[in-house]
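Asks: Return atomic coordinates for the entry below.
(chains A and B)
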Amino acid sequence: MVTDALTLVGQILGCLGLVLALVGAVNDLIAAIGFVRFKNFFLRLHALTVGVIGGTFYPLIGLGTYALFCISPPLGYYVAGVSYVTAFFVLITAPAGSHAIARGAHRAGYRPEPVKEDKLAKDREEGVME
Amino acid sequence: MLPLETQMYILAGAIGLYIFSSLIYAYKLATEKSVPDMVILVDSLTYDLAVFIVALSILTQNAYLAVGALPLAIWAYVFDIYMSKYLEGRELGD
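Replies: Numbers count the residues shown, from 1 in each chain, chains lettered A, B, ... in the order given. The predicted structure is shown next:
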């Protein structure tokens, strides 16, 4: 009885994981369209965020959950472990990487357009920051 | 819940969408001239490939494929950091 209930919960979680993977793929497509539609680098960073969190982090969690509950143990545990660890690293490193590249681009002279006020450039001119 | 065949169809559909997105990224990468844009496009392609590899490992029931996803995710971060330093005119460690 309890085992049957646990199996059912596992199957539901597995199917939810699969749906998460499909939704993530749609998010990734939206991000790709965003890359084409947006006009400059700083706007495209928004599309990158959709692609990374919506199109990579969530699908990896979904695929990991699916593998954990719907695939037989040795293979399922292995794929789930890799998926969860990769998702964790993506969650930690992607925002830091985006920030670094945005900072580098700003320092290299790329400017957001249209812009009302660029406080980072202003601070640099005034010597508030390096 | 869902029959196994339907699950595999959903997974294959997701893989198809990832391939289509990757083609759009690759087209944009080929036509783009700005370096920061190229960097974030390569990032997106790399993350796509990481998910694609995991999905493919489930679809083909091959666990060894999945291990490639982790180095790819870390490589994207290292590439970001290196390129941001390059854009600032500095080297790693400065």
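Asks: Pull the distance from the helix or strand hosting B:Tyr27 to the chain's centre.
Replies: Assigned by DSSP states H and E, B:Tyr27 belongs to helix B:4-31. Counting by C-alpha atoms, centre = their mean, to the nearest Å, helix B:4-31 is centred 11 Å from the centre of its parent chain.
Asks: Then stretch A:1-20?
Replies: Using C-alpha atoms, centre = their mean, the offset of stretch A:1-20 from its chain centre is 25 Å.
Asks: what about it, near chain B?
Replies: Yes. On the criterion C-beta under 8 Å from any C-beta of the partner chain, stretch A:1-20 is in touch with chain B at A:Leu8, A:Gln11, A:Ile12, A:Gly14, A:Cys15, A:Leu18, A:Val19. For every residue, glycine as well, the C-beta is placed using N, CA and C.
Asks: Which helix or which strand is home to A:Ile101?
Replies: Using DSSP H and E, A:Ile101 falls in helix A:73-107.
Asks: what's the offset of that helix from the middle of its chain?
Replies: Computed by C-alpha atoms, centre = their mean, the chain-centroid distance of helix A:73-107 equals 8 Å.
Asks: Give the buried residues for that helix.
Replies: For helix A:73-107, burial by neighbour count (16 or more other C-beta atoms under 10 Å in any protein chain shown) applies to A:75-76, A:78-84, A:86-87, A:89-91, A:93-94, A:97-98, A:100-102, A:104-107.
Asks: Quickly note the distance from B:Tyr47 to A:Gly76.
Replies: Separation of B:Tyr47 from A:Gly76 (C-beta to C-beta, to the nearest Å) stands at 23 Å.
Asks: ah, wrong one, I meant A:Ala108
Replies: Counting by C-beta to C-beta, the separation of A:Ala108 from A:Gly76 is 46 Å.
Asks: go on, B:Ser57?
Replies: With C-beta to C-beta as the criterion, B:Ser57 and A:Gly76 are 11 Å apart.
Asks: for the helix holding B:Tyr27, packing partners?
Replies: In terms of contacts (3 or more C-beta pairs under 8 Å, 6 or more residues apart in numbering or on different chains; DSSP states H and E), helix B:4-31 is packed against helix A:2-37, helix A:58-70, helix B:35-60.
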